[in-house]
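*Asks:* Return a 3D structure for these sequence lines:
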Amino acid sequence: MVQDDPRTALAALAEASGTSLAALSRMLGRNAAYVQQYVRRGTPRSLEEEDVARLAAFFGVAPAILGGRAVAAMWRVPRLDVAVSAGPGAQVDDEVAVGTDLIDPSLARRLGLSPGAAAILRVKGDSMEPGLFDGDHILVDTGDRRPGPRGGVFVVRIDGATMVKRVVLRGGVPVASSDNPLSPPLPDAPVELIGRVVWQMRRPR
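*Replies:* Next comes the predicted model:
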């Protein structure tokens, strides 16, 4: 059912279900005339979001039909079976999706993500401490492979090993390094950028 006016839609739903407006008011914990005054007199001008949500759940419709805010669909981001090494590097033959996680679309927009250009990976090792710890999950923007003038933290591939490292451009060439000064040196090989780390997902320590 789609109605332009949420009052008309609510009245039609109530009538179709055989539910009185007074009963709906009582369900919301309001006085018996609350929904009737809203539908027939326009008082209040709009229902509170909590009331809209309860009515929408009762009738099995989208809140937007009853005047609620439209809720954007959550983004599904693949979680890959790849532990990006924060140590000497892990050999990866392929990247297998082991599930999906949901992220809020408003967060995705703030991070500059594009649909289909993100993945969640697990950090292994301690070479990026204290910023990233072993077992952290990171959200990677696979559409961003530009370190920029200040550099950034990227998932990279060096000599066939997949790692998470800090990357800067030197003479137009990407150069990777570890944040932990005690970590071993990296292989002397070209750095292939896979994507920028844009979000860190970690339980409180």
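*Asks:* Do a quick rundown of the helices in the chain.
*Replies:* For the chain, the helices defined by DSSP state H occupy 6-17, 21-27, 34-41, 49-59, 105-110.
*Asks:* and the ones you listed as TSV, adding mean neighbour count and distance to residue 197?
*Replies:* Using the backbone N, CA and C atoms, a C-beta is placed for each residue, glycine as well. Listed next are these as TSV, based on neighbours: other C-beta atoms under 10 Å; distance: least, C-beta to C-beta, whole Å:
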stretch	mean neighbour count	distance to residue 197
helix 6-17	17	43
helix 21-27	17	47
helix 34-41	18	49
helix 49-59	17	35
helix 105-110	14	15
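*Asks:* Make TSV from these and add distance to residue 161 and mean pLDDT to it.
*Replies:* Output for those, formatted as TSV (distance: least, C-beta to C-beta, whole Å; pLDDT from 0 to 100):
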stretch	distance to residue 161	mean pLDDT
helix 6-17	57	93
helix 21-27	60	93
helix 34-41	63	94
helix 49-59	49	87
helix 105-110	29	83
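*Asks:* Can I get the ones you listed in CSV including distance to residue 157?
*Replies:* Formatted as CSV, the helices of the chain follow (distance: least, C-beta to C-beta, whole Å):
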stretch, distance to residue 157
helix 6-17, 53
helix 21-27, 58
helix 34-41, 60
helix 49-59, 46
helix 105-110, 25
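*Asks:* And the ones you listed: which comes nearest residue 182?
*Replies:* helix 105-110 (33.5 Å; C-beta to C-beta).
*Asks:* What separation is there between the residue lying closest to residue 76 once chain neighbours are set aside and residue 121?
*Replies:* Once flanking residues are discounted, residue 76 sits nearest to residue 100: 4.5 Å by C-beta to C-beta, 6 or more residues apart in numbering. From residue 100 across to residue 121, the span is 13 Å (C-beta to C-beta, to the nearest Å).
*Asks:* returning to that earlier point: count the neighbours of the residue nearest to residue 76 for me.
*Replies:* Per other C-beta atoms under 10 Å, the neighbour tally for residue 100 reads 12.
*Asks:* wouldn't it be in contact with residue 80 here?
*Replies:* No. At 10.3 Å, residue 100 does not count as touching residue 80 under the criterion of C-beta atoms under 8 Å.
*Asks:* what bits of this protein have low per-residue confidence?
*Replies:* 1-4, 70-73, 81-83, 85-99, 203-205 (pLDDT under 70).
*Asks:* Kindly report the domain assignment for it.
*Replies:* The chain breaks down into these domains under automatic domain parsing: 6-66, 75-201.
*Asks:* Do me a favour and get the end-to-end distance for the longest one?
*Replies:* What that stands for is domain 75-201. Domain 75-201 has its terminal residues 16 Å apart, counting by C-alpha to C-alpha, to the nearest Å.
*Asks:* what's the offset of that domain from the middle of its chain?
*Replies:* 17 Å (C-alpha atoms, centre = their mean, to the nearest Å).
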